[in-house]
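> A predicted structure for the sequence below; I have some questions about it.
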Amino acid sequence: MATKAPERTERRLAPVDVVRAAYAAYNRGDLDEGLSYISPDVEWVLPPSALHGDVLHGPDALHHLLRSEYEAFSEIRREPVELEENGEQVVGFVAQHVRGRSSGIELDMRAPYAFTVR
(Lines give C-alpha, C1' and ligand atoms only; values in the text may rest on other atoms or scores of the structure.)
Protein backbone atom coordinates (compact mmCIF):
# COMPACT_ATOMS: atom_id res chain seq x y z
CA MET A 1 0.00 0.00 0.00
CA ALA A 2 1.42 3.38 -1.00
CA THR A 3 1.34 6.19 1.48
CA LYS A 4 1.25 9.83 0.75
CA ALA A 5 3.39 12.22 2.74
CA PRO A 6 1.26 14.59 4.76
CA GLU A 7 0.81 17.95 3.11
CA ARG A 8 2.87 20.71 4.63
CA THR A 9 0.91 23.43 6.26
CA GLU A 10 2.35 26.90 6.28
CA ARG A 11 3.15 28.05 9.79
CA ARG A 12 1.35 31.26 10.52
CA LEU A 13 3.32 33.85 12.46
CA ALA A 14 1.79 35.42 15.53
CA PRO A 15 0.81 39.05 14.89
CA VAL A 16 3.67 40.39 17.04
CA ASP A 17 6.15 38.26 15.05
CA VAL A 18 4.77 39.61 11.76
CA VAL A 19 5.48 43.15 12.97
CA ARG A 20 9.02 42.18 14.06
CA ALA A 21 9.71 40.39 10.75
CA ALA A 22 8.55 43.36 8.68
CA TYR A 23 10.80 45.74 10.63
CA ALA A 24 13.75 43.33 10.43
CA ALA A 25 13.44 43.28 6.64
CA TYR A 26 13.18 47.09 6.57
CA ASN A 27 16.31 47.42 8.70
CA ARG A 28 18.18 45.16 6.27
CA GLY A 29 17.08 47.45 3.44
CA ASP A 30 14.87 44.74 1.93
CA LEU A 31 11.75 46.75 1.16
CA ASP A 32 10.29 44.02 -1.03
CA GLU A 33 10.33 41.50 1.80
CA GLY A 34 9.16 44.07 4.33
CA LEU A 35 6.25 45.06 2.11
CA SER A 36 5.32 41.40 1.56
CA TYR A 37 3.81 41.56 5.06
CA ILE A 38 1.65 44.54 4.13
CA SER A 39 -1.96 44.16 3.05
CA PRO A 40 -3.06 45.66 -0.29
CA ASP A 41 -5.55 47.79 1.66
CA VAL A 42 -2.99 49.13 4.16
CA GLU A 43 -3.69 52.52 5.64
CA TRP A 44 -0.57 54.06 7.20
CA VAL A 45 -1.36 57.13 9.28
CA LEU A 46 1.62 59.42 9.79
CA PRO A 47 1.71 62.04 12.53
CA PRO A 48 1.63 65.71 11.47
CA SER A 49 5.23 66.05 12.68
CA ALA A 50 6.49 63.43 10.21
CA LEU A 51 8.41 64.45 7.10
CA HIS A 52 5.43 63.39 5.01
CA GLY A 53 2.58 63.92 7.49
CA ASP A 54 -0.35 62.30 5.75
CA VAL A 55 -2.41 59.13 5.42
CA LEU A 56 -0.93 56.67 2.96
CA HIS A 57 -3.11 54.14 1.15
CA GLY A 58 -1.69 50.94 -0.33
CA PRO A 59 1.75 49.32 -0.42
CA ASP A 60 2.95 51.50 -3.32
CA ALA A 61 2.45 54.69 -1.30
CA LEU A 62 4.25 53.14 1.68
CA HIS A 63 7.07 51.94 -0.59
CA HIS A 64 7.50 55.47 -1.96
CA LEU A 65 7.70 56.89 1.58
CA LEU A 66 10.25 54.32 2.74
CA ARG A 67 12.38 54.77 -0.37
CA SER A 68 12.41 58.55 0.22
CA GLU A 69 13.60 57.93 3.78
CA TYR A 70 16.54 55.90 2.48
CA GLU A 71 17.40 58.86 0.25
CA ALA A 72 17.12 61.44 3.07
CA PHE A 73 19.05 59.53 5.72
CA SER A 74 22.47 57.92 5.56
CA GLU A 75 21.55 55.77 8.54
CA ILE A 76 18.10 54.66 9.57
CA ARG A 77 16.98 51.96 11.94
CA ARG A 78 13.64 51.20 13.55
CA GLU A 79 13.16 48.62 16.26
CA PRO A 80 9.73 47.66 17.59
CA VAL A 81 9.89 47.56 21.39
CA GLU A 82 7.43 46.97 24.20
CA LEU A 83 4.97 45.27 21.86
CA GLU A 84 1.73 43.91 23.21
CA GLU A 85 -0.58 41.64 21.27
CA ASN A 86 -4.34 41.39 21.69
CA GLY A 87 -5.83 39.22 18.97
CA GLU A 88 -5.16 40.94 15.63
CA GLN A 89 -4.00 44.12 17.34
CA VAL A 90 -0.35 44.85 18.13
CA VAL A 91 0.51 48.06 19.96
CA GLY A 92 3.78 49.37 21.26
CA PHE A 93 6.62 51.72 20.58
CA VAL A 94 9.15 51.85 17.79
CA ALA A 95 12.61 53.12 18.71
CA GLN A 96 14.05 55.04 15.78
CA HIS A 97 17.57 56.20 14.99
CA VAL A 98 18.33 58.31 11.92
CA ARG A 99 21.28 60.31 10.61
CA GLY A 100 20.68 63.03 8.03
CA ARG A 101 22.48 62.35 4.78
CA SER A 102 23.47 66.00 4.19
CA SER A 103 23.58 67.36 7.74
CA GLY A 104 24.96 64.36 9.60
CA ILE A 105 22.60 65.22 12.44
CA GLU A 106 21.50 62.17 14.42
CA LEU A 107 18.10 61.78 16.00
CA ASP A 108 16.87 59.14 18.40
CA MET A 109 13.19 58.96 19.18
CA ARG A 110 10.41 56.63 20.20
CA ALA A 111 6.97 56.73 18.69
CA PRO A 112 3.78 54.85 19.51
CA TYR A 113 2.47 52.50 16.83
CA ALA A 114 -0.61 50.34 16.40
CA PHE A 115 -0.96 47.54 13.85
CA THR A 116 -3.76 45.25 12.79
CA VAL A 117 -2.44 41.90 11.56
CA ARG A 118 -4.81 39.65 9.63
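Right, received. Where do you want to start?

> and the nearest residue to Ser36 once chain neighbours are set aside, what helix or strand is that in?
Among residues not flanking Ser36 along the chain, Ala25 sits closest, at 7.9 Å (Cβ to Cβ, 6 or more residues apart in numbering). From N, CA and C alone the C-beta is placed, and that goes for glycine too. Applying DSSP states H and E as the criterion places Ala25 in helix 15-27.

> Please state the offset of that helix from the chain centre?
6 Å (Cα atoms, centre = their mean, to the nearest Å).

> What segments of the chain are strands?
Counting by DSSP state E, residue ranges of the strands within the chain are 43-45, 55-57, 73-86, 89-100, 106-116.

> what is the mean pLDDT for the third one?
Taken as a whole, strand 73-86 has an average pLDDT of 94.

> ok so, going back, now do the contacts for the residue nearest to Ser36.
Counting by Cβ atoms under 8 Å, 6 or more residues apart in numbering, Ala25 makes contact with Leu31, Glu33, Gly34, Ser36, Tyr37.

> so where's this structure shaky on pLDDT?
1-11, 51-53 (pLDDT under 70).

> Now for the closest residue to Ile38 other than its chain neighbours, how many residues are close by?
Nearest residue to Ile38 in three dimensions, chain neighbours excluded: Pro59, at 4.9 Å (Cβ to Cβ, 6+ apart). When counting by other Cβ atoms under 10 Å, one arrives at 19 neighbours for Pro59.

> Let me see the contact set for Pro59.
Leu35, Ile38, Ser39, Pro40, Val42.

> if you set the cut-off to 10 Å instead, what comes out?
Pro59 is in contact with Leu31, Gly34, Leu35, Ser36, Tyr37, Ile38, Ser39, Pro40, Asp41, Val42, Trp44, counting by Cβ atoms under 10 Å, 6 or more residues apart in numbering.

> Please apply the same query to Arg101.
Tyr70, Glu71, Ala72, Phe73, Ser74, Glu75, Ile76.
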